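Participant: Here's my sequence, what's the structure:
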Amino acid sequence: MIDFDGLLFDLDGTLLDTAPDFITSVNAQLAMHGQAQLPHEEIRLNVTNGSAGLIQHAFGISQEDPTFEEYKNELLSIYRHHLADKTVFFPGLLEVLHECKNRAIPWGIVTNKPWAFTKPLLAELHLLEFSACTVCPDHVKKPKPDPESINLACDLMHINPARCIYIGDHARDINAGKNAGMRTIAAHWGYVDNTEDISKWGATWIVKKSQLLRSFLFGTTEC
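Facilitator: Model (predicted):
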């Protein structure tokens, strides 16, 4: 068992598999504009880059394009109607949360997903009252990889960052955790391209499958 006092999760691609609802939304938007549907895996790998990254990939435009904000707002409007249609916990992670509760270990969420989308999603999954804290970019001046959001979460949980672990599926998550002086876990089960060498992120640990996280944190299983 790893010795720690608190646990923090990134949201999309780490705690929750939100990709199915983004896939629905992106392809619905493409259809509205008479464009061909994108392969599901192609969209899935871009979910970690948020709505901006999804628009850049789907429409092949940069953020400087005059239509960019219009397309992004349109996507978010569509996504709002599909927010929790197919979103689920990654396998084994709800059990991790229950284990934390049983052991009186507080856990929270630090995400770059705006509060306007995070709050209703967590409410649908009954997580708002379950987590010790939820920190979104709306709550800080500088989002990840800056450590401000992680430090705020630790303050809200009354835990020293050095005694907490942050889990994420993107290099910016790991950098944010390291910048806060925290141990980190790279979530290989998330929205990670198979060609990417996540060992270069510099995480304290890498866990390959979400089903292994519970035993890794609280037992002795190799991951």
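Participant: how near is the residue of the chain most remote from its centre to Phe59?
Facilitator: The C-alpha centroid of the chain is most remote from Gly34, which lies 30.5 Å away (Cα atoms, centre = their mean). Distance of Gly34 to Phe59, given as Cβ to Cβ, to the nearest Å: 12 Å. For every residue, glycine as well, the C-beta is placed using N, CA and C.
Participant: can you check Tyr166 too?
Facilitator: 32 Å.
Participant: Look at these two and report which has more neighbours.
Facilitator: Under the neighbour definition other Cβ atoms under 10 Å, Tyr166 and Phe59 were set side by side, and Tyr166 has more, 30 against 19.
Participant: need the contact list for Ile102.
Facilitator: That one is not Ile; residue 102 is Asn. If you count contacts by Cβ atoms under 8 Å, 6 or more residues apart in numbering, Asn102 has none.
Participant: List the backbone torsions phi and psi for it.
Facilitator: phi -60, psi -30 (degrees, to the nearest 10).
Participant: For it, give its distance to Leu212.
Facilitator: With Cβ to Cβ as the criterion, Asn102 and Leu212 are 19 Å apart.
Participant: Over to Thr204?
Facilitator: Using Cβ to Cβ, Thr204 is found at 16 Å from Leu212.
Participant: Between those two, tell me which one has more neighbours.
Facilitator: Each of Thr204 and Leu212 has its neighbours counted (other Cβ under 10 Å); Leu212 has more, 18 against 15.
Participant: Phi, psi for Asn27 please.
Facilitator: phi -70, psi -30.
Participant: tell me the contacts of it?
Facilitator: Applying Cβ under 8 Å, 6+ apart, we find Asn27 in contact with 37-38, 43.
Participant: are any of these buried, and which?
Facilitator: Among the contacts of Asn27, those classed as buried by 16 or more other Cβ atoms under 10 Å are 38, 43.
Participant: In helices only, show me the contacts of Asn27.
Facilitator: In helices, defined here by DSSP state H, the members of the contacts of Asn27 are Ile43.
Participant: For the nearest residue in space to Ile61 that is not next to it in sequence, report the pLDDT, please.
Facilitator: Once flanking residues are discounted, Ile61 sits nearest to Phe68: 5.7 Å by Cβ to Cβ, 6 or more residues apart in numbering. You'll see Phe68 listed with a pLDDT of 97.
Participant: can I assume Phe68 is in contact with Leu54?
Facilitator: No: here Phe68 does not reach Leu54: they are 11.6 Å apart, not a contact under Cβ atoms under 8 Å.
Participant: So for these two, which residue has more residues nearby?
Facilitator: Leu54 (25 against 16).
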